[in-house]
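# sequence first, then the predicted structure:
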Amino acid sequence: MIESVQFVNYDGTSLFFNDDQIPFRRFMTDVNIRSANDDRMQEHGTWPSYTFWGSRTWVAEGDILRGSSAEYIQKRLDMLRVLRPLPHRGVRGIGRLKILFTGIPEVLISDCTLDGYPELPMEAVSPSRGDYQIVWRASDPRCYGENLRSTLAFAYAAVSGRTYSKTYNRTYAAAINPTNDVIVVNSGNTETYLGVLIYGPVTGPRLTLFRADGSQALWEAPGLTIAAGVYITVDFKLRTAVASNGQNVYDYAKGSEWWIAEPGNNTIRFSAFDAQAGSYALLLWQNAYMI
């Protein structure tokens, strides 16, 4: 079922687990559930509440098998090297688990930190083997496909028509051309976040998600003007919006929905109050899985 497991530290070092040198005896994962239980005062029961997934833990138990004590110690050092925390570099986790499951067509990744120091008991009298237990914790319970997927969406242009010499004190948004909708396919079994790069020249960019149940979710930045040669990066997971020149443009998106793409096909529309030739949005995502 588990074809390969690799841990990659954020400093670039990596180590393969579950091979002939450090095989697994058990490899487990668990996700805790969180919800609010508010008592109904002077009544039986509790008030109903939303239920959410919490963090995910990965537990690896196995053996270090080497031909000599020196080789055992070196493998032990290699394991502790790749599991080294890097808090002084501003990294919140320590690295990424990369797991290939039989039946899933891509490697899954999970950004993790350690949930306790690895257990590596040493045996006396020149050991060439030893046990180990490592517990990783991921703040995001989802696993994501390693492959980054993308599609382009072009803003709707105003419908051409007659031109008049007079100026009126009213402005209308560009008309909608429904052929510009794009489909984001999340081939996993749970929701996934998007990253979107919106390129100018455009004013008032808007991203609309059309859900399968007929409802819509809207992210927009009214009043924001993106000049030609400039783009903004919208991260729906981190809920940030930053221009390529370093400007934080989050304030323009206040009140917007930071939506998430469902499993399967998601119809997404990129539109704007005023979009000129050369403006487009690059949509980026990874398939998301609950294992």
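Now that the structure is in, tell me what you want to look at. Residues are numbered from 1 along each chain as shown.
# what backbone torsions are found at residue 74?
Dihedral angles of residue 74 (phi, psi; degrees, to the nearest 10) stand at phi -60, psi -40.
# how far away is residue 194 from residue 213?
19 Å (Cβ to Cβ, to the nearest Å). Every C-beta, even on glycine, is put in place using the N, C-alpha and C of the backbone.
# which of those two has more neighbours?
Ranked by neighbour count (other Cβ atoms under 10 Å), residue 194 and residue 213 place residue 194 first, with 23 against 6.
# surely that one touches residue 233?
No: taking Cβ atoms under 8 Å as the definition, residue 194 is not a contact partner of residue 233, at 11.3 Å.
# list the contacts for residue 141?
Going by Cβ atoms under 8 Å, 6 or more residues apart in numbering, residue 141 touches 31, 53-56, 290.
# tell me the most packed of those, by neighbour count.
Of those, with other Cβ under 10 Å as the count, residue 56 tops at 22 neighbours.
# quick one on the thing from earlier: and which of the contacts of residue 141 is nearest to residue 180?
Closest approach between the contacts of residue 141 and residue 180, by Cβ to Cβ: residue 290, at 32.3 Å.
# who are the neighbours in contact with the residue lying closest to the closest one once chain neighbours are set aside?
Excluding the flanking residues, the one nearest residue 290 by Cβ to Cβ, 6 or more residues apart in numbering is residue 190, at 4.6 Å. Counting by Cβ under 8 Å, 6+ apart, residue 190 touches 142, 263, 288-290.
# I'd assumed residue 190 was in a strand, is it?
No: Residue 190: not assigned to a strand; according to DSSP: H, G, I helix; E, B strand; the rest coil it is coil.
# please report how far it lies from residue 258.
Residue 190 is 17 Å from residue 258, by Cβ to Cβ.
# cool, residue 118 as well?
Residue 118 is 36 Å from residue 258, by Cβ to Cβ.
# residues touching residue 139, list them.
Residue 139 neighbours (Cβ under 8 Å, 6+ apart): 55, 93, 111, 113.
# chain neighbours aside, what residue packs nearest to the second one?
Right, residue 93. Nearest to residue 93 is residue 113, by Cβ to Cβ, 6+ apart, at 4.4 Å.
# where does that neighbour land on pLDDT?
Residue 113 is assigned a pLDDT of 95 by the prediction.
# give the partner strands of the host helix or strand of it in its sheet and their orientations.
Per DSSP states H and E, residue 113 falls inside strand 108-114. Strand pairing for strand 108-114, determined by DSSP bridges: strand 95-101 (antiparallel), strand 129-138 (antiparallel), strand 143-145 (antiparallel).
# distance from it to the middle of the chain?
In terms of Cα atoms, centre = their mean, to the nearest Å, the centre of strand 108-114 is set 11 Å apart from its chain centre.
# next: stretch 130-148.
13 Å.
# tell me the mean pLDDT over it?
96.
# buried sites along that stretch?
Neighbour-count burial for stretch 130-148 flags 130, 132, 134-136, 138, 141-145 (criterion: 16 or more other Cβ atoms under 10 Å).
# of the contacts of residue 141, which belong to strands?
31, 53-56 (DSSP state E).
# would you mind measuring from residue 212 to residue 219?
Taken as Cβ to Cβ, the span from residue 212 to residue 219 is 18 Å.
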